[in-house]
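[1] I'll drop the sequence and a predicted model, then ask my questions.
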Amino acid sequence: MPRRANLCTLSILSVDSVTQGGPAATDCVAVCVVRCIDGTARTGMVFHRVAPGMRTRTDVTPLTLAAIEWYGKQVDQLDTVHSAKVTLAGAGAGANALAAWDVLASAPDTASLTHESGNDEAPRPAEAEALSSR
């Protein structure tokens, strides 16, 4: 039986700045202070805004966690209960798109799934689809 995908939930404490720019013309970059309230956030993870207390997406526009600054140092991950300044990139980071107390949940990363037997092979497509729909 496969393990759950690496999921993470962030709560935005403040939005420090929003700038236009990125690979696509509609992309923006937002610098926010967040608290990791569940799981471990890693750079490169994709997040979506969700209804508080639920994993139901309220916004389907993806946000990529581009950078994490923890106590003045650039780090690759942020663990539960810690706060950090993060850079979020994507169309969902536009002006007035993010606000304090918004909740962001990561999209399941099916590439990181492993089997409980310790076998590190990628899950079969049916397993990955079943887990991503949870």
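    Okay, I see it.

[2] worst mean pLDDT across the helices and strands of the protein, which element?
    The weakest-scoring helix or strand in the chain, judged by mean pLDDT, DSSP states H and E, is helix 125-132 (a mean of 40).

[3] list the contacts for residue 38?
    Residue 38 sits next to 7-9, 80 when contact means CB atoms under 8 Å, 6 or more residues apart in numbering. Quick note: C-beta positions are derived from backbone N, CA and C, even for glycine.

[4] partner residues bridging it?
    Per DSSP bridges, the residues bridged to residue 38 are residue 9.

[5] separation between it and residue 65?
    Residue 38 is 15 Å from residue 65, where distance means CB to CB, to the nearest Å.

[6] assumed residue 88 was part of a strand.
    Yes. Assessed with DSSP: H, G, I helix; E, B strand; the rest coil, residue 88 lies in a strand.

[7] pLDDT score assigned to it?
    Among the per-residue scores, residue 88 shows a pLDDT of 95.

[8] surely it touches residue 49?
    No. Distance between residue 88 and residue 49: 10.4 Å, which falls outside the contact criterion (CB atoms under 8 Å).

[9] who's more crowded, the two?
    residue 88 (26 against 20; other CB atoms under 10 Å).

[10] tell me what the more buried one is bridged to.
    When assigned by DSSP bridges, residue 88 has beta-bridge partners residue 30, residue 65.

[11] for it, give me its contacts.
    Residue 88 makes contacts with 29-32, 47, 63-66, 98, 104, as judged by CB under 8 Å, 6+ apart.

[12] so which of the residues you listed is the closest to residue 13?
    Ranked by distance to residue 13 (CB to CB), the contacts of residue 88 are led by residue 32 at 7.5 Å.

[13] which phi and psi values does that closest one adopt?
    phi -130, psi 160 (degrees, to the nearest 10).

[14] would you agree it is in contact with residue 101?
    No. At 11.4 Å, residue 32 and residue 101 do not qualify as touching, with contact defined as CB under 8 Å.

[15] between the two, which contacts overlap?
    Taking CB under 8 Å, 6+ apart as the contact criterion, the residues that touch both residue 32 and residue 101 are residue 12.

[16] got any ranges where this structure has weak pLDDT?
    For the chain, the stretches flagged by pLDDT under 70 are 1-5, 22-25, 51-60, 109-134.
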